[in-house]
Every structure is written in structure tokens, then in C-alpha cells.
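1. sharing a model prediction with you, sequence too.
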Protein chains: 2
Amino acid sequence: MRTLYHWPLDPWSRQVRIALAEKQLAFELRFVRPWDAPDELMALNPAGLTPVLVDDTAQGRVVAVEARAILEYLEEAKAEPALLPSGAGERAEVRRLCQWFDRKFDSEVNAFLLHEKLEKRLQGLGAPDMEAIRAGRDFLRWHLDYLTNLLDVREGLAGPRYTLADIAAAAHLSCIDYLGDVPWDEFPAPKAWYERIKCRPSFRAILEDRLPGVGPASWYADLDF
Amino acid sequence: MRTLYHWPLDPWSRQVRIALAEKQLAFELRFVRPWDAPDELMALNPAGLTPVLVDDTAQGRVVAVEARAILEYLEEAKAEPALLPSGAGERAEVRRLCQWFDRKFDSEVNAFLLHEKLEKRLQGLGAPDMEAIRAGRDFLRWHLDYLTNLLDVREGLAGPRYTLADIAAAAHLSCIDYLGDVPWDEFPAPKAWYERIKCRPSFRAILEDRLPGVGPASWYADLDF
């Protein structure tokens, strides 16, 4: 029995959902609001953040907290299909890009777009700040340029194969795409890459997410957008 | 030949220096200012951040970027002495605490104390904001309370043994301690734990760090403080 505490538009919860699906590990979802964390979540993660995975294994219960810990755990618990390559340099490159999205993209794009357009609305924190939204959109273009450079020499973001780096990037971008803010048509290489990711069975549940009262962009779930 | 690009009061650079010393891996230090990243660093890490480890191994050059990627790399490259325990649940707990310090402590304590008292001064960003410093000190007390709770049932932060969680916590706290802001005497259990960490040979170089023009607190390097 495997339970994942998640919030649908949390980019870290999404990374874990995608990785679990890639590894064909069954799990139950427990919906929580991180800004109103229930006691049950606080007992598992005193930081009150999603995702948290509770995995009852033959060796006992494993509680893995936050995406990086969960993703390393899943890779160690079920090696195939591998989401980290085998070479040391390639593994380091995947983990660099995961950090890139989890720290840099998060502070430069999510902090503006996700926070201003979604979190403020859901948490009743007032109207979005248009200046912040513009800054987030500028940073997003810069990040899509960076992806274009990577994809110029690579099939996946971190190398020839699909890895945790693709999952991290797609999870973050998919939340921004829900809001309709990704200018895909200006960035053909990232668009073609995201189209390939969207077609994977592991992404199906992500495309079915709907927040009550906040619908996605019209093309959000289209495989050919 | 192993080269680490670092900045002395960067808590992430410190984690890697301590781990390299624990594993008795020789390395050369290359001093860089992350807010004025040289081209050499930007070519290795386009985010411009320290630490970056360049390791010329028998299998070729490995470039590992940012602390989490470097620390996982080192654990895989040289398993002994182990800085991650062997059980899945214990490994997840170590990684949870690493994230706790790298994200939560960083945004609640470093962002106020390190930024206001040190980074602003070195980068010529104006006078420190006393309100922010007070907020950082309040958060720091809260974190020391949390450490007290952990240490009530554990010898190390994540369990009976010394792990990457102790290294992460000590690296972050040591930067704040350089500034003289840790009220050790009010928190005897974290103080006794930090005293044990300070006595390890792997911590010696950290205690010898001196920034030109910004000296450490008088007790910073004392093993008995």
C-alpha cells in the first residue's frame, strides 16, 4: 500500500506522480492544501509541504518527504525503468537540472506566475501584481531559451534518454501551462519536447487535473497543441 | 585531480568541503564570488552558483554542480565512510533533513541573517534592515527548538549515526555562527551536538575560514565555547 499526499498544481507532487507512473507503481492519492496543512500531513512532514509518500513495504513503513528524497528513494527501491542514467557524469547532469528547476525556475518563474495568479487567489491574498506577472513571464522566456540550447544537442534535457530532469522540467512547466502562460509557439524545440512528454502514459493523470473554479488553458490537455 | 569552486561562507560549499574531508578525498579549492561569477564558473554552471566540483577520474571528467548533486555523486563514487545510512527509511529521513536546511532554514534564516549582515555589506547593497534581522533571529530560535526535539531521541540529527543531515545542518549553522548570531547557551542539546561536530577533523578547515574585513565571532573557532 502506497499513499501520496499531494496538491494537484504543486510541481513537486507532479514529479513524484509522474515517476511513480513511469515505474508502474500503484499508489493512492491524498489531496491536501499545503497552505492549510492537515494534522495528518504535519505529523509526517513538520514543514507542512507536499509531496509526502508513505510506502508500506515488506521491510516496514518508509516515509519519504519532499520530491528529491522521494525520487531518490523510488530509484533505489525499483531500479527499472531507470530514471537516472548509469554514468557518474550523466547522473550529476540530471541532478543539476533537477536543482535548476527546483530552485532557479521556482524562484524566477513559479514565485511570480504560480504565486500571483493561483496561490494568491486560492488563499485569498488579494489581487495579482501585474508587475510581478510581467517579471515572471520575462524569466520564463529566458528559461525556454535555455531549454532550446539544451535541446539543440540532446533528445532529452540531460542527454539522449528520458530522465528525472525531463520529469522535473515538465512538471514545473505543466503548472505554468495550466495557467496558459507558456508561449509555446515562440519556442519550437521545447514545444516538440513537451509534446513528446505529454504523449507518455505517465503524463495522462497530470493532464486530467482540474482545480475547482480555476480551469486550465484551452490547450492544456491537447496532445497536439 | 579534484577542484572545488567555492565561496567560504556559502553553506552549500561548506557541506561539500566537509563531505570531501570525511571521505578523505584530496581536493584543491578555487575561491569565487557567486555574485560576481567568473566566466570559468559560468561555463561549468550557467546558474553561476557555488559549489561546483570538477573531478578528473580514470573514467573521465565529472562535473558535479550544486551541493545535492555533488553529495550524491561522492556517496556513489566512494561509499566508505558512508554519509548515508543503508536502510531506505533512514536514507529518506537524511534527505528530508537536508532539504529542510537547504530550503526551509535557507529561506527563513539565511535569507534574513546572512543576506542582511553579510551579503549586503560585501555587495554594497546598503545598510542591513533591522526588522529583517529580528525576523531571522526569531526563525533561528524556532529551528534550534526543532533541533532540540530531534536530539532528544537521537545522537545524530537523522538517527544514531553521523550523516549528510548533520553536515547540512552544521554547514548552515556555522555560517550564522560566524556572524555571532546563534544563541547557543539557550539551547544546550544543539550546542553539545555542534561541539561534537566541531571536534571532527573534517570541520577544521571550516573553522579556519576568515573573510577579509569581516572577522568571525570570538568563539567561532573554539572547540569548547
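-> Received the coordinates, thanks.
2. alpha carbons only for contacts and neighbour counts from here, please
-> Fine.
3. quick check: A:A64 is in a strand.
-> Yes: assigned with DSSP: H, G, I helix; E, B strand; the rest coil, A:A64 falls within a strand.
4. what residues does chain A have near chain B?
-> A:47, A:61-66, A:68-70, A:73, A:77, A:88-89, A:91-93, A:95-96, A:99-100, A:104 (C-alpha under 8 Å from any C-alpha of the partner chain).
5. chain A: strands as residue ranges?
-> A:2-6, A:28-31, A:52-57, A:60-65 (DSSP state E).
6. for A:G136, which of those is the nearest?
-> strand A:2-6 (24.5 Å; C-alpha to C-alpha).
7. just the mean pLDDT for the longest helix seen in chain A, thanks.
-> Criterion DSSP state H: the longest helix present in chain A is helix A:130-153. For helix A:130-153, mean pLDDT is 97.
8. how far off centre is that helix?
-> 16 Å (C-alpha atoms, centre = their mean, to the nearest Å).
9. please report the number of neighbouring residues for A:T57.
-> Close neighbours of A:T57, defined as other C-alpha atoms under 10 Å in any protein chain shown, add up to 11.
10. that older thread, what comes up buried for the longest helix of chain A?
-> A:132-133, A:136-137, A:139-141, A:143-145, A:147-148, A:150-151 (16 or more other C-alpha atoms under 10 Å in any protein chain shown).
11. follow-up on the earlier one: redo the strands of chain A as CSV? Include distance to B:P212 and mean pLDDT.
-> Below are those laid out as CSV (distance: least, C-alpha to C-alpha, whole Å; pLDDT from 0 to 100):
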stretch, distance to B:P212, mean pLDDT
strand A:2-6, 46, 98
strand A:28-31, 51, 98
strand A:52-57, 43, 96
strand A:60-65, 40, 96
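12. would you map the helices across chain A?
-> Using DSSP H, helices in chain A cover A:11-22, A:39-44, A:67-77, A:88-99, A:113-114, A:120-123, A:130-153, A:164-178, A:188-198, A:204-208.
13. among those, where is the model least confident on average?
-> helix A:120-123 (a mean of 90).
14. ok, now which ones touch the residue nearest the centre of chain A?
-> By C-alpha atoms, centre = their mean, chain A has its centre lying nearest to A:A171, at 2.5 Å. By C-alpha atoms under 8 Å, 6 or more residues apart in numbering or on different chains, the residues touching A:A171 are A:P11, A:W12, A:R14, A:Q15.
15. need the max-distance pair from those.
-> Greatest spacing in the contacts of A:A171, by C-alpha to C-alpha: A:P11 and A:Q15 (6.4 Å).
16. overlap of the contact sets of the two?
-> Common contacts of A:P11 and A:Q15 (C-alpha under 8 Å, 6+ apart): A:A168, A:A171.
17. one step back: output the helices of chain A as CSV; include the columns distance to B:I176.
-> Shown next, in CSV, are those (distance: least, C-alpha to C-alpha, whole Å):
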stretch, distance to B:I176
helix A:11-22, 29
helix A:39-44, 27
helix A:67-77, 25
helix A:88-99, 24
helix A:113-114, 31
helix A:120-123, 32
helix A:130-153, 31
helix A:164-178, 31
helix A:188-198, 41
helix A:204-208, 41
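18. for A:D55, find the nearest of the ones you listed.
-> helix A:67-77 (10.2 Å).
19. the closest one - contacts with which helices or strands?
-> helix A:11-22, strand A:52-57, helix B:88-99 (3 or more C-alpha pairs under 8 Å, 6 or more residues apart in numbering or on different chains; DSSP states H and E).
20. nearest to A:L164, of the ones you listed?
-> Short answer: helix A:11-22, nearest of those by C-alpha to C-alpha, at 7.8 Å.
21. what's the angle from that closest one to strand A:2-6?
-> 150 degrees (axes from the mean of the first three to the mean of the last three C-alpha atoms, to 10 degrees).
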